[in-house]
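Visitor: How does the following fold in three dimensions:
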Amino acid sequence: MNIKICFSSNEQDYILAEVEDIETFIEYVQHCRNTGEFIKVQGKYDNYFYINPDKIRYVI
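Guide: Below you'll find the predicted structure:
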């Protein structure tokens, strides 16, 4: 499933990522927020991104 991870309220700053399940991804984000870890996501073109979970505004 492709999702858009947005870092600003107007959707101008975002990355596209591939996740298996949105519910699991949200649990993973919460876990990372609690532990201070960065989120590792697979991008649309088989690249990986490391994201600070506190910077995520919303996911669509």
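Visitor: now do the same end-to-end measure for stretch 11-31.
Guide: End-to-end distance for stretch 11-31, by C-alpha to C-alpha, to the nearest Å: 24 Å.
Visitor: wait, stretch 5-15
Guide: OK, stretch 5-15 end separation, C-alpha to C-alpha: 5 Å.
Visitor: can you count the residues close to the nearest residue to residue 51 once chain neighbours are set aside?
Guide: Using C-beta to C-beta, 6 or more residues apart in numbering and skipping the chain neighbours, the partner closest in space to residue 51 is residue 39 (4.5 Å). In this view, the C-beta of every residue, glycine as well, is placed from N, C-alpha and C. By other C-beta atoms under 10 Å, 19 other residues sit near residue 39.
Visitor: cool, residue 54 as well?
Guide: Residue 54, neighbours per other C-beta under 10 Å, totals 9.
Visitor: element containing the residue lying farthest from the centre of the chain, please.
Guide: What lies farthest from the middle of the chain is residue 10; by C-alpha atoms, centre = their mean that is 16.3 Å. Applying DSSP states H and E as the criterion places residue 10 outside every helix and strand.
Visitor: give me every residue that touches residue 13.
Guide: 6-7 (C-beta atoms under 8 Å, 6 or more residues apart in numbering).
Visitor: Please report how far it lies from residue 31.
Guide: 24 Å (C-beta to C-beta, to the nearest Å).
Visitor: Validate this expectation: residue 54 resides in a strand.
Guide: No: assessed by DSSP: H, G, I helix; E, B strand; the rest coil, residue 54 does not belong to a strand; its assignment is helix.
Visitor: quick one: the residue nearest to residue 51 and residue 52, what's the gap?
Guide: 8 Å.
Visitor: cool, residue 41 as well?
Guide: 12 Å.
Visitor: Show me which of these two is the more surrounded one.
Guide: Set residue 41 next to residue 52 and count neighbours by other C-beta under 10 Å: residue 41 wins out with 20 against 13.
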